[in-house]
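Engineer: let me see the structure of the following:
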Amino acid sequence: MEHFALNRLDALNHIQSEFDSYQKNFFPERKPEFFCLELNGEAGELANEEKKLWKGKSVDKSQLEDEAADVFIALMNYSNSRQINLTEAVKEKLFKIENKRKSLAKEGKEY
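Structural biologist: Down below sits the predicted model:
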């Protein structure tokens, strides 16, 4: 994975841990299903803003940033509620993607 700095992903462990502490210290305990639904709702709100752009309407960048942040926070909360180590999960997924990309490239195809 010469094109992607995997060692920088380790910072994600710290970020995920901080989100876990924040959630546990300041908000009621919630089940993973709640966070999964929250994640999908937030992703839907981001998609609605993109749909407006796709239709040629004006959307302020700050609205996209706000919705993207909501998706990120919801993903942190969901992952923590399911004890998913995002650093390891992302690294593993990137290896799979890279292997598939290289395999397709050998066949003259794009990923």
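
Engineer: which parts of this protein are helices?
Structural biologist: In the chain, helices defined by DSSP state H lie at 11-26, 32-54, 61-81, 86-106, listed in chain order.

Engineer: give me whichever of the ones you listed is most buried.
Structural biologist: With neighbours taken as mean count of other Cβ atoms under 10 Å, the helices of the chain reach their highest mean count in helix 61-81, at a mean of 16. Using the backbone N, CA and C atoms, a C-beta is placed for each residue, glycine as well.

Engineer: mind checking how far that one is from the chain centre?
Structural biologist: The chain centre lies 8 Å from the centre of helix 61-81; the measure is Cα atoms, centre = their mean, to the nearest Å.

Engineer: show me what that helix is packed against.
Structural biologist: helix 11-26, helix 32-54, helix 86-106 (3 or more Cβ pairs under 8 Å, 6 or more residues apart in numbering; DSSP states H and E).

Engineer: and for it, what's in contact with it?
Structural biologist: The contact list for helix 61-81, computed with Cβ atoms under 8 Å, 6 or more residues apart in numbering, reads 15-16, 19-20, 23, 30-32, 34-36, 38-39, 41-43, 45-46, 49-50, 84-86, 89.

Engineer: let's see it at 6 Å
Structural biologist: Here helix 61-81 makes contact (Cβ atoms under 6 Å, 6 or more residues apart in numbering) with 16, 19-20, 23, 32, 35-36, 38-39, 42-43, 45-46, 49, 86.

Engineer: only alpha carbons, please: show the helix or strand bottoming out on mean pLDDT in the chain as CSV.
Structural biologist: When each helix and strand of the chain is scored by mean pLDDT, DSSP states H and E, helix 86-106 comes last, with a mean of 93. Taking C-alpha atoms only, helix 86-106 is exported to CSV below (Å, rounded to 0.1, in the frame of the first residue of the first chain):
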residue,chain,number,x,y,z
LEU,A,86,-12.1,1.1,13.1
THR,A,87,-8.3,1.4,12.6
GLU,A,88,-8.0,-2.4,12.1
ALA,A,89,-11.2,-2.6,10.1
VAL,A,90,-10.1,0.2,7.7
LYS,A,91,-6.6,-1.3,7.3
GLU,A,92,-8.1,-4.7,6.5
LYS,A,93,-10.5,-3.2,4.0
LEU,A,94,-7.9,-1.2,2.3
PHE,A,95,-5.7,-4.3,1.8
LYS,A,96,-8.7,-6.0,0.2
ILE,A,97,-9.4,-3.0,-2.0
GLU,A,98,-5.7,-2.8,-3.0
ASN,A,99,-5.5,-6.5,-3.8
LYS,A,100,-8.6,-6.3,-5.9
ARG,A,101,-7.4,-3.1,-7.7
LYS,A,102,-4.0,-4.8,-8.5
SER,A,103,-5.8,-7.9,-9.8
LEU,A,104,-8.0,-5.9,-12.0
ALA,A,105,-5.1,-3.8,-13.2
LYS,A,106,-3.3,-7.0,-14.4
